[in-house]
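A.B. asks: how would this look folded up:
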Amino acid sequence: MTGAEKLDANDIETRVISALDSYGIPYEVVEIDPDFADTAAFCEKYGFPPEQSANTIIVASKKKPRQYSASVVRATQRLDVNHCVKQLMGNTRVSFANAVETAELTGMMIGGVTVLALPEGIPVYVDPGLMKCDYVILGGGSRSSKIKVSPDVLTRIPGAQITDGLTV
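C.D. replies: This next block holds a predicted model:
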C-alpha cells in the first residue's frame, strides 16, 4: 500500500500504534499543536532536547523508475545524502524528496513523517547515534503527535539497518 490516496490520517495513526504494540516496547504518544510539529519548534515549545529527537527523511533517486529510502537521524545532525545514502541506494543521483512527493509516497506530511508507518519495501537507514539515547522522539504519522520511545524500537523495524556514516 503506497500513496496518500490509499492512506488517510486514521489509517496511518492505526498503523503506527499497531507497529508499536507489536514491538512490545513501552511508548508514549505526545499530543501536540500541529503548528509546532517541525522538530525545532516542537522541542522549544514542549521542552524536549533536540539531541533526543529524530527526523525521518525520505530520499529519492533522480532516475526512473524512482527508488526511495528513509533515513532516521538525530535532529542535531545532517543526513549525508550525496555520499552515504547515494551509495546505500546504489544510485548515482539522489535528492531529498519534496513535501508533495513525501506525502504521495507515505501519506504523511513533513513534521509528522515516521519510520513506524512507511509503506513496505522502503529501505530504512538508522543513525547509530540514536541508539545511545535514553529515549527518542519520533514523528507520530501526523502533525498532531510525536512518539516518545526507547531507541530499541529502531532495531525492531523490518529491514532497518543501523548505518555508520549516515550523518555529517
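
A.B. asks: switch to C-alpha atoms for all contacts and neighbour counts from now on
C.D. replies: Will do.

A.B. asks: got the contact list for the lowest-mean-pLDDT helix or strand in the chain?
C.D. replies: Every helix and strand in the chain was compared by mean pLDDT, DSSP states H and E; the lowest is helix 9-23, with a mean of 91. For helix 9-23, the surrounding residues in contact (Cα atoms under 8 Å, 6 or more residues apart in numbering) are 27, 107, 108, 116, 117, 140, 141, 142, 153, 156.

A.B. asks: neighbour-wise, which of those residues leads?
C.D. replies: Among the contacts of helix 9-23, the one with the most neighbours (other Cα atoms under 10 Å) is residue 141, at 31 neighbours.

A.B. asks: quick one: the nearest residue to that residue once chain neighbours are set aside and residue 99, what's the gap?
C.D. replies: Nearest residue to residue 141, sequence neighbours excluded (Cα to Cα, 6 or more residues apart in numbering): residue 112, at 4.8 Å. If you measure residue 112 against residue 99 using Cα to Cα, to the nearest Å, the figure is 11 Å.

A.B. asks: So those two - more neighbours on which side?
C.D. replies: Taking neighbours as other Cα under 10 Å, residue 112 and residue 99 compare with residue 112 leading, 23 against 14.

A.B. asks: ok but the more buried one is inside a helix, no?
C.D. replies: No. Under DSSP: H, G, I helix; E, B strand; the rest coil, residue 112 falls outside any helix and is assigned coil.

A.B. asks: The chain should start at 30 in everything you say after this.
C.D. replies: From this message on, residue numbering opens at 30, which makes the last subject residue 141.

A.B. asks: Mind listing the residues bridging to the most centrally placed residue in the chain?
C.D. replies: Central residue check for the chain by Cα atoms, centre = their mean: the C-alpha nearest the mean position is that of residue 85, 2.3 Å away. In this entry, residue 85 is beta-bridged to residue 101, by DSSP bridges.

A.B. asks: now do the one 4 residues further on
C.D. replies: The bridge-partner assignment for residue 89, based on DSSP bridges, gives residue 97, residue 124.

A.B. asks: List the residues that contact residue 84.
C.D. replies: Counted by Cα under 8 Å, 6+ apart, residue 84 has contacts 68, 100, 101, 102, 103, 104, 142, 143, 167, 168.

A.B. asks: Serialize those to TSV and add fields for neighbour count and distance to residue 132.
C.D. replies: Below are the contacts of residue 84 laid out as TSV (neighbours: other Cα atoms under 10 Å; distance: Cα to Cα, whole Å):
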residue	neighbour count	distance to residue 132
68	23	18
100	27	16
101	27	17
102	24	19
103	25	21
104	20	20
142	27	9
143	26	12
167	28	17
168	31	14
